[in-house]
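Visitor: I would like the atomic coordinates for the input below:
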Amino acid sequence: MWCPLILLLVPTGLSFWTSKRRSTLIVKIKEFESRLKKTLYEFNTNDCNHHINWSLERVPIEQAPCRSARFCLMIHVTELDPEMGIYGEELPTYQVATNNIILPPSYELALIREPEPAVIL
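Guide: Here you go, the predicted model:
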């Protein structure tokens, strides 16, 4: 007699737990976005001497770089050069910047020479 009631309580509890979790997700996203905006504002104040501007853009999910995203925020880093009259030249992405790095040779590949004898007079 109690078995059907117990079978109905389990899905009800699961749906309540999931809806509660989803509602807190929106609050956490808004809180993250406000903290990120505050951090970018601090970056702008620190980097104003270097003429670098940090900005945030909310990208629609259809244009997101990855397909499994629920929301997408894009951070743009722009270098402002007042001497050249160029405002808004965007700096390269992290992937492009790391691909253009020439690494120093490994110490294992370096030729190690023995010290030459010296004559002291």
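
Visitor: got the phi and psi for Leu73?
Guide: Dihedral angles of Leu73 (phi, psi; degrees, to the nearest 10) stand at phi -120, psi 130.

Visitor: pretty sure it sits against Arg58.
Guide: Yes. Under the contact definition of Cβ atoms under 8 Å, Leu73 touches Arg58, with a separation of 6.0 Å. Yep, even glycine has a C-beta here, placed from its N, CA and C like the rest.

Visitor: neighbour count winner among those two?
Guide: A direct count of neighbours by other Cβ atoms under 10 Å for Leu73 and Arg58 places Leu73 higher, at 15 against 9.

Visitor: show me what contacts that one?
Guide: Shown here is Leu73, whose contacts under the criterion Cβ atoms under 8 Å, 6 or more residues apart in numbering are 33, 36, 56-59.

Visitor: can I get these in a markdown table with secondary structure?
Guide: Formatted as a markdown table, the entries for the contacts of Leu73 read as follows, by DSSP: H, G, I helix; E, B strand; the rest coil:
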| residue | secondary structure |
| --- | --- |
| Glu33 | helix |
| Leu36 | helix |
| Leu56 | strand |
| Glu57 | strand |
| Arg58 | strand |
| Val59 | strand |
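
Visitor: of these, closest to Val77?
Guide: The shortest approach to Val77 among those belongs to Leu56, at 10.8 Å (Cβ to Cβ).

Visitor: what about stretch 3-16, distance to the chain center?
Guide: What separates the centre of stretch 3-16 from the centre of its chain is 41 Å, taken as Cα atoms, centre = their mean, to the nearest Å.

Visitor: next one: the helix or strand encompassing Gly13 to chain centre, how far?
Guide: Here Gly13, judged by DSSP states H and E, is contained in helix 3-46. If you compare the mean C-alpha spot of helix 3-46 with that of the full chain, they lie 20 Å apart, counting by Cα atoms, centre = their mean.
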